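**Q** A predicted structure for the sequence below; I have some questions about it.
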Amino acid sequence: VQLVESGGGSVQPGGSLRLSCVASGFTFSEKDMRWFRQAPGKEREWVAYINSPGAVRDYADSVKGRFIISRDNTKNTVYLQMNSLKPEDTAVYYCYTQSGNTDKYWGQGTQVTVSS
């Protein structure tokens, strides 16, 4: 299993970024996917969830109304569109999936920095 994130960078407050996570090594269309983030000195926190067909989505309260999770099962890719970015969104963003209750898979992360 491999998850490879991209799309991070530096942006001013109020700006937008779109993260991508390309998956391989498993049947992507059968797996729910999640985005997490970890800010410096803080624990990793869940950001967004999308089920395998893409019909169900959920968000942390801190990003609801600003972030949109989506997926393209033909491209084995999950996205996180981040709008109205705030300095507190600064973190390393990780793509995540799991198999059963014990096999957990993380990407390497992509840095997002929101600063003026």
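**A** Noted; the coordinates are in hand.
**Q** so where do the strands sit in the chain?
**A** Counting by DSSP state E, one finds strands in the chain at the ranges 2-6, 9-11, 17-24, 33-38, 45-50, 57-59, 67-72, 77-82, 91-99, 103-106, 110-114.
**Q** give me the number of residues near residue 40?
**A** Residues lying near residue 40 (other Cβ atoms under 10 Å) number 7. All C-beta spots, glycine's among them, are computed from the backbone N, C-alpha and C.
**Q** would a markdown table of the strands of the chain with mean neighbour count and mean pLDDT be doable?
**A** Shown next, in a markdown table, are those (neighbours: other Cβ atoms under 10 Å; pLDDT from 0 to 100):
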| stretch | mean neighbour count | mean pLDDT |
| --- | --- | --- |
| strand 2-6 | 17 | 97 |
| strand 9-11 | 14 | 98 |
| strand 17-24 | 19 | 98 |
| strand 33-38 | 21 | 98 |
| strand 45-50 | 19 | 98 |
| strand 57-59 | 15 | 98 |
| strand 67-72 | 18 | 98 |
| strand 77-82 | 22 | 98 |
| strand 91-99 | 20 | 96 |
| strand 103-106 | 13 | 94 |
| strand 110-114 | 18 | 98 |
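**Q** And residue 80, how far from residue 55?
**A** Computed with Cβ to Cβ, to the nearest Å, the distance linking residue 80 and residue 55 is 17 Å.
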